[in-house]
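Engineer: Compute the structure for the input listed below.
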Amino acid sequence: MLTESPYSKKQLVEEKVFKDPVHRYVHVRDQLIWDLIKTREFQRLRRIKQLGTLYLAFHSAEHTRFNHSLGVYEIVRRMTENFKDHDEWEEDDRLLALASALLHDLGHGPFSHCFEKIFHTDHEEYTRKIILGDTDVNAVLKRVSPDFPLQVAQVIDQTHENKLVISMISSQIDADRMDYLQRDSYYTGVSYGRFDMERILRVMRPTKEEVIIKESGMHAVEDYLMSRYQMYWQVYFHPVSRGGEVLLNLALKRAKYLHENGHTFKQAPKYFIPFFEEDVTVHDYLRLDEMVVNFYLQEWIHEDDEILSDLANRFVNRELFKYLPFDGSYITKSELEDLFEKAGIDPEYYFFSDSFSDLPYDYDRPGTNNNRKPIHLQKSNGELREISSQSAIIHSITGVHRMESKLYYPKEKILAIEDLEIKGEIINILNQLA
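Structural biologist: Okay, here's the model as predicted:
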């Protein structure tokens, strides 16, 4: 529970609303939330795409972390409204839940997960650093109480003692997932991510430890989990989008290599240097957004280094690598790399094996080594049951870990190989993989 302060109770004179294609309206009445939205750190999320390189496969997937964060806030706001009449809900926790929902993605960098792989950053760590550091967000949160920034950070990194508020934002049926499934479905133009959120919100109930679902809402949850499953395999793991990530990954890797080896860039990449040297402050991190990254990619097209120039051009102008299924059973990755090297194609930058997997639903039980919290149904007699024990549909996907791998390569470089014997061998192998 929060220590009350005048600011924590302060309301706007007139409610502010954001028009939203998913929730129709996002409603803001609390001065705290309005002040957080206006901070530089939150406004930066307008310059971070929600889906990274997915716009290369779905051209309208241009929405941002700003859109999504407002959406998660709105769902949590509606949860708190629904929970008001339940004894298990502490109204003093409302502001903690709302602020945590709004700020949960604050630390995402440009192109998110791809960026993290190259520069060894962690968006969750930077979310915490921004909230607790010398930032506008921190200053606003401290108006509630001196320890309020820490409480928000603990909710987001799931270490806070309030397990109910954590589960509203981070669980297997939370506001984060309910927003991004619908929002990403809308902006990619697919129908997979649609489910009956109104029904789910109506059947959610608070307990001291978690959000639970009334038994009558089981089929709505089935629909939600199957929507998530379909979105991952039809949208999030789309091989064209992954191919964009591959090119971005390789271009950043090459730029970092050149910096480490004393290359003089035509346009000094000053915003990247802390990342190249892995000595990044919060200030450095906040200065880098997708506008900046795209500027440097445009500049790198004109670099003297042939590899960086080629990779940057491919990404900027969507000249993506070809891809094939690849599991290493027909030929190993190292054997293929050796062939590429013999053909004069640098496998470090023109050969990429990408694997991805998903576990749509599971829970921690004897014999498993995951820490996923189950979704609980509340039966009419008050008993709680793990949902897969009551639903045949959910039981069928529980614990099922699906995995796929793709091989990415530049087809035109293969066709340009001068050694006809090696060229024929590589083409034959690629045809077998197809």
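Engineer: any idea how far Ser69 is from the residue nearest to Ala175 when sequence neighbours are not counted?
Structural biologist: Nearest non-adjacent residue to Ala175, counting by Cβ to Cβ, 6 or more residues apart in numbering: Ile75, 3.9 Å away. Where you see a C-beta, it was placed from the backbone N, CA and C, and this is true even at glycine. Remark: distance between Ile75 and Ser69 (Cβ to Cβ, to the nearest Å) = 11 Å.
Engineer: Overlap of the contact sets of those two?
Structural biologist: Ala101 (Cβ atoms under 8 Å, 6 or more residues apart in numbering).
Engineer: can I get the CA coordinates of the helix or strand hosting Glu125 in CSV?
Structural biologist: Using DSSP states H and E, Glu125 falls within helix 123-132. Extracted in CSV, the C-alpha atoms of helix 123-132 (Å, rounded to 0.1, in the frame of the first residue of the first chain):
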residue,chain,number,x,y,z
HIS,A,123,15.4,-3.6,-22.0
GLU,A,124,14.1,-4.8,-18.6
GLU,A,125,17.4,-3.7,-17.0
TYR,A,126,17.2,-0.3,-18.7
THR,A,127,13.5,0.1,-17.7
ARG,A,128,14.6,-0.2,-14.1
LYS,A,129,17.6,2.2,-14.7
ILE,A,130,15.3,4.8,-16.3
ILE,A,131,12.7,4.6,-13.5
LEU,A,132,15.3,4.8,-10.7
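Engineer: and it, how far from the chain's centre?
Structural biologist: 15 Å (Cα atoms, centre = their mean, to the nearest Å).
Engineer: what residues does whichever helix or strand comes after that helix touch?
Structural biologist: With elements assigned by DSSP H and E, the helix or strand that comes after helix 123-132 is helix 136-141. Residues outside helix 136-141 that contact it (Cβ under 8 Å, 6+ apart): 32, 35-36, 39-42, 99, 103, 106, 130-132, 148-149, 152.
Engineer: Strands of the chain, start to end?
Structural biologist: Using DSSP state E, the strands of the chain run over 11-20, 24-30, 204-206, 211-214, 322-325, 352-358, 376-378, 384-386, 402-409.
Engineer: what does the average pLDDT come to for the longest one?
Structural biologist: Average pLDDT, strand 11-20: 97.
Engineer: just the helices in the stretch 251-400 of the chain please.
Structural biologist: Assigned by DSSP state H, counting those that start in this stretch, the helices in the stretch 251-400 of the chain fall at 273-276, 282-287, 290-300, 306-316, 333-342, 347-350, 392-397.
Engineer: In PDB, list the C-alpha atoms belonging to the second one.
Structural biologist: What that stands for is helix 282-287. Taking C-alpha atoms only, helix 282-287 is exported to PDB below (Å, rounded to 0.1, in the frame of the first residue of the first chain):
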ATOM      1  CA  VAL A 282      21.200   5.800 -19.300                       C
ATOM      2  CA  HIS A 283      21.700   9.100 -21.200                       C
ATOM      3  CA  ASP A 284      23.500   7.300 -24.000                       C
ATOM      4  CA  TYR A 285      20.700   4.700 -24.100                       C
ATOM      5  CA  LEU A 286      17.900   7.200 -24.300                       C
ATOM      6  CA  ARG A 287      19.500   9.200 -27.200                       C
END
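Engineer: For it, name the packing helices and strands.
Structural biologist: On a contact count with 3 or more Cβ pairs under 8 Å, 6 or more residues apart in numbering; DSSP states H and E, helix 282-287 meets helix 123-132.
Engineer: could you say what helices and strands the helix it packs on packs with?
Structural biologist: Using 3+ Cβ pairs under 8 Å, 6+ apart: helix 123-132 touches helix 136-141, helix 148-156, helix 282-287.
Engineer: so which of those helices comes closest to Thr332?
Structural biologist: The closest of the helices and strands packed on helix 123-132 to Thr332 is helix 282-287. By Cβ to Cβ, the value is 38.2 Å.
Engineer: Using the neighbour-count criterion, name the buried positions in that closest one.
Structural biologist: 282, 285-286 (16 or more other Cβ atoms under 10 Å).
Engineer: Can you give the contact residues for that helix?
Structural biologist: Contacts for helix 282-287 (Cβ under 8 Å, 6+ apart): 40-41, 44, 107, 109, 121, 126, 129-130, 133-135, 271, 274-275.
Engineer: mind running it again at 10 Å?
Structural biologist: Residues outside helix 282-287 that contact it (Cβ atoms under 10 Å, 6 or more residues apart in numbering): 40-41, 44, 106-107, 109, 119, 121, 123, 125-126, 129-130, 132-135, 270-275, 281.
Engineer: Out of those, which end up buried?
Structural biologist: Using 16+ other Cβ under 10 Å, the buried members of the contacts of helix 282-287 are 41, 44, 106-107, 109, 119, 121, 123, 126, 129-130, 132-133, 135, 272, 274-275.
Engineer: Compare the helices of the stretch 251-400 of the chain and give me the one nearest Glu425.
Structural biologist: Relative to Glu425, the nearest member of these by Cβ to Cβ is helix 333-342, separated by 6.6 Å.
Engineer: Packing partners of that closest one?
Structural biologist: helix 347-350, strand 352-358, strand 402-409, helix 420-433 (3 or more Cβ pairs under 10 Å, 6 or more residues apart in numbering; DSSP states H and E).
Engineer: now what about it, what contacts it?
Structural biologist: By Cβ under 10 Å, 6+ apart, helix 333-342 touches 326, 328, 330-332, 345-348, 350-353, 405, 407, 409-410, 413-414, 417, 419, 421-423, 425-426, 429-430, 433.
Engineer: Need the buried ones from those residues selected in PyMOL.
Structural biologist: To isolate the buried ones among the contacts of helix 333-342 in PyMOL, judged by 16+ other Cβ under 10 Å, type:
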select buried, resi 326+345+347+350+351+352+353+407+409+410+413+414+417+422+423+426+429+430
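Engineer: average pLDDT across stretch 391-411?
Structural biologist: On average, stretch 391-411 scores 94.
Engineer: What are the buried residues along the helix or strand of the chain with the lowest mean pLDDT?
Structural biologist: Least confident helix or strand, the chain: helix 112-119 with a mean of 81, by mean pLDDT, DSSP states H and E. The neighbour-count check on helix 112-119 (16+ other Cβ under 10 Å) flags 112, 114-116, 118-119 as buried.
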